[in-house]
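**Q** here are the coordinates; sequence isn't available:
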């Protein structure tokens, strides 16, 4: 029997890819070794003071239902840990006031704690029967062995989850402008083709607004780089305050931002009025008062080049270049208005 169990454990560890799959295999083997009616793994929520039956195997009359939750302080597992008594074939005599044991008809009970790497209690691994049942020392050792395997698997899953979260955070960081929290240039170049693909699928145009913040150097020189950073952050907040669900707002770097959005149906071209409306709306969003530390200024606006393109006939690089050119044309022709210091 020992050789068979070891072989099955080795096969299970090599093939099972989930905690549930591993536990269900171990519960079946634990039943064979202990000859108990029910074997089960619990999860203990110490904050809510509840014990939950995660997975259970019931081979005879006893029924330990999966999903059952009972008050932790009134469980056999809690008492077993407190009293360091993890086996009893006379549950009614030892813990006669335990309602959960009475309701489930438990006479013989065997358990061991399942702990995480930091020593905190994860739950318990248990076996139970309705009749008096002697459990061999081998059965107790197998129970502890299986609990250790579950602990290691949970730890491995936790490490994998932590690695995935760290990797996701790293990816997010590499695609995010650290100052404004907006997508950065790298993110824009990866997501803009998706917007163009969506526009082609919907037979719609794409509108791109290239934004260059006039007088930004003046803000940095006169009010300091901390004020300049605050100004850029506030610009980002204004640009995203009315962003559509499919719109892309990104900081290209320095004092340059970009907005890309779906236009109207290509069947209704031309849309010069939509381009003008977007340019006017962005200008109104950016113009206005800004609080820069202890100072307050009135910012007269940015140079904004807005174009509308047919994604069927132009690629993203060419569209960005055209928007950049449109912005410089605006910068050359617009009347230069100096910053106003309010207070």
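**A** Received it, and whenever you're ready, just let me know what you need. Because the structure is predicted, anything quoted here is derived from the model rather than measured.

**Q** Without its sequence neighbours, what residue ends up closest to residue 257?
**A** Distance criterion CB to CB, 6 or more residues apart in numbering; nearest residue to residue 257, sequence neighbours excluded, is residue 211 at 4.3 Å. For every residue, glycine as well, the C-beta is placed using N, CA and C.

**Q** List phi and psi for residue 180.
**A** phi -100, psi -20 (degrees, to the nearest 10).

**Q** What about it, how many residues nearby?
**A** By other CB atoms under 10 Å, 21 other residues sit near residue 180.

**Q** how many neighbours does the nearest residue to it once chain neighbours are set aside have?
**A** Closest residue to residue 180 apart from its sequence neighbours, by CB to CB, 6+ apart: residue 236 at 3.6 Å. Around residue 236 there are 19 other residues, counting by other CB under 10 Å.

**Q** just residue 133 next, same as before
**A** Neighbours of residue 133 (other CB under 10 Å): 19.

**Q** List the single closest residue to it in space, sequence neighbours excluded.
**A** Nearest to residue 133 is residue 108, by CB to CB, 6+ apart, at 4.0 Å.

**Q** That neighbour contacts residue 135, correct?
**A** Yes. Residue 108 lies in contact with residue 135 (CB atoms under 8 Å); the separation is 7.4 Å.

**Q** shared neighbours of these two, anything?
**A** 36, 89 (CB atoms under 8 Å, 6 or more residues apart in numbering).

**Q** Neighbouring strands - and their directions - for whichever strand or helix holds the residue nearest to residue 257?
**A** Residue 211 is part of strand 204-212, with elements assigned from DSSP states H and E. Strands adjacent to strand 204-212 in the sheet, as given by DSSP bridges, are strand 256-265 (antiparallel), strand 303-309 (antiparallel).

**Q** Mean neighbour count and distance to residue 128 for those strands - can I get that in TSV?
**A** Listed next are those as TSV, based on neighbours: other CB atoms under 10 Å; distance: least, CB to CB, whole Å:
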stretch	mean neighbour count	distance to residue 128
strand 256-265	20	61
strand 303-309	22	70
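
**Q** for those, which one sits closest to residue 277?
**A** strand 303-309 (9.3 Å; CB to CB).

**Q** Show me the contact partners of that closest one.
**A** 205-212, 214, 263, 271-272, 274-276, 278-279, 282-283, 286, 319, 322-331, 334.

**Q** which SS class is residue 67?
**A** coil (DSSP: H, G, I helix; E, B strand; the rest coil).

**Q** Can you report how many residues neighbour it?
**A** Here the count is done by other CB under 10 Å, and residue 67 has 8 residues near it.

**Q** about what we covered before: test my guess that the residue nearest to residue 257 contacts residue 330.
**A** No. Using CB under 8 Å, residue 211 makes no contact with residue 330, being 10.1 Å away.

**Q** Neighbour count: those two, which is higher?
**A** A count of neighbours by other CB under 10 Å puts residue 211 above the other of residue 211 and residue 330, at 25 against 19.

**Q** Residue 231 - how many residues pack around it?
**A** For residue 231, the neighbour count with other CB under 10 Å is 22.

**Q** ok, now how distant is residue 309 from residue 138?
**A** Distance, residue 309 to residue 138, by CB to CB, to the nearest Å: 75 Å.

**Q** and if you look at residue 117?
**A** With CB to CB as the criterion, residue 117 and residue 138 are 27 Å apart.

**Q** Quick one: the strands paired with strand 204-212 as JSON lines, columns for mean pLDDT and distance to residue 243 too.
**A** Converted to JSON lines, the strands paired with strand 204-212 look like this (pLDDT from 0 to 100; distance: least, CB to CB, whole Å):
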{"stretch": "strand 256-265", "mean pLDDT": "90", "distance to residue 243": "8"}
{"stretch": "strand 303-309", "mean pLDDT": "93", "distance to residue 243": "15"}
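
**Q** Quick check: which of these is nearest to residue 124?
**A** strand 256-265 (55.1 Å).

**Q** which residues sit against the closest one?
**A** With CB under 8 Å, 6+ apart, strand 256-265 has contacts from 182, 188, 192, 195, 198-199, 202-213, 235-236, 239, 243-244, 246-252, 271, 274, 278, 282, 308, 320, 323.
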